[in-house]
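A.B. asks: When you get a sec, could you give me coordinates for this:
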Amino acid sequence: MKKLTALALGTVMAVSMTAGVSAATVESKDDLKNATIGVQLGTTGDIEASEYEKDGATVKRYSKGSEAIQALLAGQIDCVIIDSQPAQKFVENADGLKILDEPFVEEEYAICLKKGNDELLDKINGALEELKEDGTVDDIMNNYIGDNIGETPYESPEDVDRSNGTLIMATNAEFEPYEYREGDTIVGIDADIAQAICDKLGYELEIDDMEFDAILAAVQSGKADFGAAGMTVTEDRLESVDFTDTYANASQVIIVKAD
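C.D. replies: Numbers count the residues shown, from 1 in each chain. Okay, here's the model as predicted:
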């Protein structure tokens with residue numbers, strides 16, 4: 001995860017207590033060493049939770065964040081670590097969960113590309129810079145997060161020349177509001193930013209939905225031209241892919257079961 005304000009995007013690490021699993025009570029990140037933690041496989045939450053295993057925590061990994069939340073609600077785990085915006089949606093839609101105030105981890109979101117694809121990296125960075133400067137990125141963020149949701153939808157210009165071909169974006173459409181499904185269509189912040197970039201560069205956009213932990217491999221192999229999925233820039237990921245300039249700052253927080 002992935003809250004709320006436009007570029008202060010919380011990837012909130014959601015940590016939620018469950019009843020009847022263990023004696024662990026999660027009131028802050030200091031309590032995680034005694035918890036059974038659910039995470040989405042391959043995410044920042046997975047990476048950060050793994051640090052607590054050496055202190056006695058148990059980490060259970062799920063292919064989707066919603067599966068971890070279901071396990072939490074079923075009393076199979078003590079907590080869930082997930083990005084902030086999806087966490088907010090889960091809390092809104094499920095009774096008995098809340099987000100703690102204590103920040104957990106600061107991070108940044110960016111688009112990943114195959115190492116050495118410097119030409120496309122430079123083009124995307126150039127487009128991102130223009131989209132930041134003209135307010136498009138802020139408008140896209142504000143359309144999904146904050147007090148004016150739905151008021152500033154992104155629309156492609158009518159005169160876009162798409163003669164440069166197609167760019168394939170790898171994503172995991174389980175991460176509202178960054179990428180999720182409305183019917184058969186993948187929508188969200190990342191989908192809109194990717195579309196705006198393609199509009200600037202003269203490409204069609206094709207979005208390929210896959211498991212989150214398959215995105216880096218898809219980009220490395222050339223199956224996808226880039227990956228955008230509320231993806232945090234980490235040292236481990238930088239060993240296998242390159243990242244664009246960041247388009248969102250994120251923080252992680254803890255969610256617990258409400259009293």
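
A.B. asks: Relative to Leu205, how far out is the closest residue in space to Glu27 that isn't next to it in sequence?
C.D. replies: Among residues not flanking Glu27 along the chain, Val256 sits closest, at 6.8 Å (Cβ to Cβ, 6 or more residues apart in numbering). Every C-beta, even on glycine, is put in place using the N, C-alpha and C of the backbone. Per Cβ to Cβ, to the nearest Å, Val256 is found 39 Å from Leu205.

A.B. asks: what about Ser240, how many residues close to it?
C.D. replies: 13 (other Cβ atoms under 10 Å).

A.B. asks: Was I right to think it contacts Leu216?
C.D. replies: Yes - using Cβ atoms under 8 Å, Ser240 is in contact with Leu216, at 5.7 Å.

A.B. asks: quick one: the helices in the stretch 151-259 of the chain?
C.D. replies: Using DSSP state H, counting those that start in this stretch, the helices of the stretch 151-259 of the chain run over 189-201, 215-221, 235-238.

A.B. asks: what's the closest of these to Glu107?
C.D. replies: For those, proximity to Glu107 was assessed by Cβ to Cβ; helix 235-238 is nearest, at 11.2 Å.

A.B. asks: Can I get the closest one in PDB, CA atoms only?
C.D. replies: These are the backbone C-alpha positions of helix 235-238, laid out as PDB (Å, rounded to 0.1, in the frame of the first residue of the first chain):
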ATOM      1  CA  GLU A 235      17.600  -0.400  -2.700                       C
ATOM      2  CA  ASP A 236      16.600  -4.000  -3.400                       C
ATOM      3  CA  ARG A 237      14.500  -3.000  -6.400                       C
ATOM      4  CA  LEU A 238      17.100  -0.700  -7.800                       C
END
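
A.B. asks: List the buried residues for it?
C.D. replies: Arg237 (16 or more other Cβ atoms under 10 Å).

A.B. asks: now it: how far from the chain's centre is it?
C.D. replies: 16 Å (Cα atoms, centre = their mean, to the nearest Å).

A.B. asks: what does stretch 173-187 give?
C.D. replies: 12 Å.

A.B. asks: Please list the outside residues in contact with it.
C.D. replies: Residues outside stretch 173-187 that contact it (Cβ atoms under 8 Å, 6 or more residues apart in numbering) are 1-2, 40, 64-66, 83, 85-86, 89, 144-145, 171-172, 188-191, 207, 209, 212, 228-230.

A.B. asks: Would you mind listing which of those are buried?
C.D. replies: 1-2, 40, 65-66, 83, 85-86, 89, 144-145, 171-172, 188-191, 207, 212, 228-230.
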